[in-house]
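Peer 1: turn this into a model:
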Amino acid sequence: MANEVTVPLLPCASIDDIEAFYGVLGFRTTYKQRKPNACVGVQREDLQLQFFEIPGFDPEQSYGSCLVLTADIEGLHRAFADGMRAAYGKVLVSGTPRMTRPRARKNADGVGGFSVIDPGGNWIRVFRHAAAAPAAPPAGRLGKALANAVVQADSRGSAGQAVRILDSALARPQDGDDPVEQVEVLVYRAELALVLHDPTTAAAMLARARSVTLSHDEAERAASAFDNAAELAAALP
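Peer 2: Residues are numbered from 1 along each chain as shown. The predicted model follows:
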């Protein structure tokens, strides 16, 4: 039998906070009740999520998660980012809630993805549909370090381990390092610093990224990283 629909049911501390946050991302409320159990349903086009409230629930201890498959992760990320800018004046990159950027995931066969961490601490993991071609694996030393760090932070939520990987790579510069990969590593390191509430390090990493000498072609390849750097700079206190 075809055309089944699965709707994740995820925990939260406040259905009001959930409803407000997903409203920012362009979702509409499809159902809400207070008694006998507080719960809310939200929907954006074909994407449906439901949440139940647990008194005293700690979002930092949440294991709630689900996968969303789409052919256009960039478009969905852009729509979510636009909603955040309109509501908060910036894209949320640290704390709870927050959102990561689309990146190829080494632990998902190179398929690109990003995550939304909502007020309930739930990880909504958005991946490019498997029918799309995966990104080629990185060839350079810094690119490989970046790929490993993304697995730790963006997939496993272990920003501290990702920082150790990147700091080790940055501490051992080599003549053959790709300057574009250097920029990408520095910008991601800045993002992780914000996740870890370390704006001083974030600002220093962004300054280092801006100081990397790039050719015209390299600057074009690094454009996405510099777009991310601008978002991070806007998030600095």
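Peer 1: count the residues that sit near residue 188.
Peer 2: Neighbour count for residue 188, taken as other Cβ atoms under 10 Å: 28. Where you see a C-beta, it was placed from the backbone N, CA and C, and this is true even at glycine.
Peer 1: where does pLDDT dip in the protein?
Peer 2: For the chain, the stretches with pLDDT under 70 are 1, 106-111, 130-136.
Peer 1: got a list of what the residue minimising distance to the centre of the chain touches?
Peer 2: In the chain, the residue lying closest to the centroid (Cα atoms, centre = their mean) is residue 100, at 1.3 Å. Contacts for residue 100 (Cβ atoms under 8 Å, 6 or more residues apart in numbering) come out as 93, 114-115, 153-154, 191.
Peer 1: among the residues you listed, which lie within strands?
Peer 2: 114-115 (DSSP state E).
Peer 1: out of the contacts of residue 100, who's nearest residue 229?
Peer 2: residue 191 (9.0 Å; Cβ to Cβ).
Peer 1: hang on, the closest one packs against residue 93?
Peer 2: Yes: counting by Cβ atoms under 8 Å, residue 191 touches residue 93, with 6.0 Å between them.
Peer 1: what do these two both touch?
Peer 2: Residues touching both residue 191 and residue 93 (Cβ under 8 Å, 6+ apart): 100, 232.
Peer 1: higher neighbour count, the two?
Peer 2: Neighbour count, other Cβ under 10 Å: between residue 191 and residue 93, residue 191 has more, with 26 against 21.
Peer 1: and the more buried one, how far from residue 10?
Peer 2: As judged by Cβ to Cβ, to the nearest Å, residue 191 and residue 10 stand 25 Å apart.
Peer 1: same check, this time on residue 92
Peer 2: 18 Å.
Peer 1: residue 17 sits in which helix or strand?
Peer 2: helix 15-24 (DSSP states H and E).
Peer 1: how close does residue 232 sit to residue 201?
Peer 2: 12 Å.
Peer 1: what residues are shared contacts of the two?
Peer 2: Shared contacts of residue 232 and residue 201, defined by Cβ under 8 Å, 6+ apart, comprise residue 190.
Peer 1: have a look at the two and say which one is more surrounded.
Peer 2: Legend: neighbour count by other Cβ under 10 Å for residue 232 and residue 201, higher for residue 232 (26 against 16).
Peer 1: could you measure from the closest residue to the more buried one other than its chain neighbours over to residue 58?
Peer 2: Excluding the flanking residues, the one nearest residue 232 by Cβ to Cβ, 6 or more residues apart in numbering is residue 190, at 5.3 Å. Counting by Cβ to Cβ, the gap between residue 190 and residue 58 amounts to 28 Å.
Peer 1: more crowded one of these two?
Peer 2: Using other Cβ under 10 Å as the criterion, residue 190 and residue 58 rank with residue 190 on top: 28 against 9.
Peer 1: what's the helix or strand for the closest residue to residue 221 other than its chain neighbours?
Peer 2: Nearest non-adjacent residue to residue 221, counting by Cβ to Cβ, 6+ apart: residue 180, 4.7 Å away. Here residue 180 sits within helix 179-195, counting by DSSP H and E.
Peer 1: and that helix, how far out from the chain middle?
Peer 2: 14 Å (Cα atoms, centre = their mean, to the nearest Å).
Peer 1: what do you get for stretch 198-215?
Peer 2: 20 Å.
Peer 1: and that stretch, what's buried?
Peer 2: 198-199, 201-203, 205-206, 208-209 (16 or more other Cβ atoms under 10 Å).
Peer 1: stretch 154-172 now?
Peer 2: 154-155, 157, 159, 162-163, 165-166, 169-170.
Peer 1: turn the residues you listed into TSV, columns for distance to residue 72 and secondary structure.
Peer 2: Shown next, in TSV, are these (distance: Cβ to Cβ, whole Å; DSSP: H, G, I helix; E, B strand; the rest coil):
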residue	distance to residue 72	secondary structure
154	19	helix
155	21	helix
157	25	coil
159	27	helix
162	27	helix
163	31	helix
165	30	helix
166	29	helix
169	31	helix
170	33	helix
